[in-house]
Each structure stands twice: as structure tokens, then as C-alpha cells.
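Peer 1: With the sequence up front, the predicted model follows.
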Amino acid sequence: MSTTPQVWFITGASSGFGRSMAEAALAAGHNVVATLRKPEVLNALQEQYPSTLLVLQLDVMKPDQIEDAFAKAKATFGRIDVVFNNAGAACVGEIEGTPIDKARLMFESLFWGAAQVSITAVRYFREENKPAGGRLLQLSSKAGVQGVAGVGFYSATKFALEGFSEALQQEMDPKWNIKVTLIEPGPFKTGAAHNLEFLPIHPAYEHDLTLPGNMFRSFFTRALMGDPDKVSQVFLKLAQLENPPLHFPIHEYAVMFTRKKAQELNEAADKYESWSQGIYLD
């Protein structure tokens with residue numbers, strides 16, 4: 001494990017995992033590029049770390065701002081070692097009760113924004129870093145491992161990020177020394193979580209509050225027991241691994257979801273394996 005200070009590029013640094021990660025990396029002696037839509041939120045942190053923190057305005061839904069932020073990070077610190085791809089907003093509601101414009105907005109930030117940050121990160125890791133290399137930490141979710149009632153469109157954005165990231169890791173030449181890890185957290189008590197938009201219950205689901213989507217609403221407001229500051233220390237350790245995992249479930253619920261999904265896939269493959277016989281071209 002390397003003890004050399006790194007340059008961390010963090011999106012969505014105003015609150016939640018992003019803010020905790022920025023503070024943890026700075027406290028550990030790393031240089032941090034903290035990006036967010038409202039830079040003034042980090043004024044106090046900037047005063048505390050005047051030489052190792054660069055605060056930049058960035059809306060990940062604006063590709064020109066992504067390019068500009070990476071360029072300023074490189075100009076300031078000379079390289080970028082770790083990209084903590086975290087920005088995005090979400091809402092809670094049944095699939096039928098989620099307006100399509102809100103669903104599209106989630107995809108714009110949580111998938112398309114994250115994808116553009118990823119593409120730019122890979123280019124900088126490969127072409128700007130000397131020597132080449134870098135770590136791309138993708139903030140996915142347990143809801144990206146198994147679909148979750150009540151946040152169907154959010155789950156869809158994370159499923160998309162998972163497929164994108166798996167393909168991206170396969171495509172890259174190992175010589176580039178670029179490693180991708182999908183961080184799949186369970187529920188954590190973050191400011192970002194409390195700022196989620198809870199949509200009205202769709203009329204068709206109001207009759208039974210024990211339906212999974214309705215149950216998720218109450219679960220989500222009382223079960224946020226993970227500590228984002230503590231888990232940020234885990235993410236620091238993760239970024240130092242020479243051979244990090246592609247999938248990293250963190251939290252007992254995330255581990256449970258992962259095992260459940262793996263079991264379901266294995267059972268389906270075993271049960272229906274014989275159905276693939278005789279379906280091929282002669």
C-alpha cells in the first residue's frame with residue numbers, strides 16, 4: 001500500500017459521501033479537487049486546507065464544465081490519481097408515480113454525468129499522468145445490484161452505471177494501470193440521503209402501506225445507520241489496493257443483496273441450463 005500523497009478528484013463534494021471523502025482525503029495528507037455546483041459551501045474547508053484543496057464549480061450534466069475542471073486539476077496538482085465519481089440527485093417513488101422528466105433528470109446526472117466523468121478520467125489517467133495509471137471509484141448502490149421497489153428509476157441508473165463500468169474495465173489495456181471499482185453501499189446516514197425528494201404515493205398503491213414501495217419509504221427514513229465518515233476511511237484504503245475488486249459491496253444490507261442476487265442467478269442458470277440445448281444454427 002502506497003503512502004505517497006495522491007490527487008483526488010471528487011464530484012458531488014457538497015455533502016454526503018463526497019463531502020466526507022474530501023475531508024478524509026485531506027486529513028490523510030492527500031491533495032483534493034472538490035467539485036460541486038455551489039463552491040461557496042466549502043469556504044470553511046478551503047480556509048482549513050489552503051494549499052491542498054482546490055474547489056471548483058462543476059455540474060456533471062455540463063460536459064464543458066467537466067473538461068474545464070479536469071484541466072484545472074491537472075494544471076494545479078500535475079496529475080489526478082483517484083476519481084471519486086459521486087455526483088447526482090435522486091427521488092423516491094413508485095415507477096408509475098415518477099414523472100418521466102424527473103426520471104430523465106436522474107439519468108442525466110447519475111448515469112450520463114457519471115459516464116462523461118469516467119471517460120474524461122480514463123483519458124487523463126492514460127495520457128496526462130506520468131507514469132500512466134489511476135483509480136476510478138464509481139459510486140453505485142446496493143440498488144444497482146438488485147432492483148429496489150420504491151426507487152425503480154434510481155436502480156435503473158445504477159444498473160446502467162454497473163454495466164458501463166464493467167464494460168469499461170474490460171475494454172482498457174491492462175498496461176494503462178487503470179482500475180475501476182463499483183462501490184455498492186447500503187444505507188448510510190448522509191446529508192444527501194436526507195435531501196432526497198420523496199414523491200407522493202401513486203393512487204394505485206395507497207390502499208396498502210405494506211407494499212414494498214411504500215415500505216421502502218419508512219425503511220429509508222429510519223434505517224440510515226451507516227456512518228459516511230467511517231466508511232470514507234475504508235474508501236481511502238480501497239484506493240490504495242494494487243488489485244482492487246470491480247465490485248465492492250459495503251454495509252451488511254449491501255452484502256446481503258449481493259449474495260441474494262448471486263444465488264438467484266445461479267439457481268436460474270442451473271434450473272434452465274438444459275433449455276439452451278438445440279437452439280443453435282446447424
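Peer 2: Sure thing, it's come through.

Peer 1: Only C-alpha atoms from now on, for both contacts and neighbour counts.
Peer 2: Will do.

Peer 1: quick one, phi psi at residue 87?
Peer 2: When read as degrees, to the nearest 10, the backbone of residue 87 gives phi -70, psi 150.

Peer 1: go on, residue 135?
Peer 2: According to degrees, to the nearest 10, residue 135 has phi -120, psi 130.

Peer 1: Same check on residue 153?
Peer 2: phi -70, psi -40.

Peer 1: quick one: strands adjacent to the helix or strand containing residue 248?
Peer 2: Using DSSP states H and E, residue 248 sits within strand 247-250. Next to strand 247-250 in the sheet, as set by DSSP bridges, lie strand 178-185 (parallel).

Peer 1: what ranges do the helices span in the stretch 101-250 of the chain?
Peer 2: 114-123, 152-171, 191-194, 212-222, 228-240 (DSSP state H, counting those that start in this stretch).

Peer 1: Which among those helices is found nearest to residue 273?
Peer 2: helix 152-171 (23.3 Å; CA to CA).

Peer 1: That closest one versus strand 178-185: what angle between them?
Peer 2: Interaxial angle of helix 152-171 relative to strand 178-185 (axes from the mean of the first three to the mean of the last three CA atoms, to 10 degrees): 160 degrees.

Peer 1: Check which helices and strands helix 152-171 is in contact with.
Peer 2: On a contact count with 3 or more CA pairs under 8 Å, 6 or more residues apart in numbering; DSSP states H and E, helix 152-171 meets helix 100-106, helix 114-123, strand 178-185.

Peer 1: residues making contact with the first one?
Peer 2: Residues from elsewhere that reach helix 100-106 (CA atoms under 8 Å, 6 or more residues apart in numbering): 88, 89, 90, 91, 153, 154, 157.

Peer 1: So for the fifth one, what's the nearest residue that isn't a sequence neighbour?
Peer 2: What that stands for is residue 153. Closest residue in space to residue 153, ignoring its immediate chain neighbours: residue 103 at 6.1 Å, by CA to CA, 6 or more residues apart in numbering.

Peer 1: Is it possible to get JSON lines of the helices and strands packed on helix 152-171 that adds mean neighbour count?
Peer 2: Below are these laid out as JSON lines (neighbours: other CA atoms under 10 Å):
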{"stretch": "helix 100-106", "mean neighbour count": "15"}
{"stretch": "helix 114-123", "mean neighbour count": "19"}
{"stretch": "strand 178-185", "mean neighbour count": "23"}
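
Peer 1: what's the distance between residue 213 and residue 202?
Peer 2: Distance, residue 213 to residue 202, using CA to CA, to the nearest Å: 10 Å.

Peer 1: and what of residue 145?
Peer 2: Distance from residue 145 to residue 202, by CA to CA: 25 Å.

Peer 1: Angles on the backbone of the residue nearest to residue 213 when sequence neighbours are not counted, please.
Peer 2: Nearest residue to residue 213 in three dimensions, chain neighbours excluded: residue 150, at 3.9 Å (CA to CA, 6+ apart). Taking degrees, to the nearest 10, you get phi 100, psi -20 for the backbone angles of residue 150.

Peer 1: hang on, isn't residue 150 packed against residue 97?
Peer 2: No: contact criterion CA atoms under 8 Å: residue 150 and residue 97 do not qualify, at 9.5 Å.

Peer 1: Neighbour count for those two, which is higher?
Peer 2: Higher neighbour count among residue 150 and residue 97: residue 150, with 27 against 16, using other CA atoms under 10 Å.

Peer 1: ok, residue 145 and residue 202, which is more surrounded?
Peer 2: residue 145 (23 against 15).

Peer 1: List the contacts of that one.
Peer 2: Counting by CA under 8 Å, 6+ apart, residue 145 has contacts 159, 184, 257, 258, 261.

Peer 1: So which one of those residues is the model least confident about?
Peer 2: Lowest pLDDT among the contacts of residue 145: residue 257, with 92.
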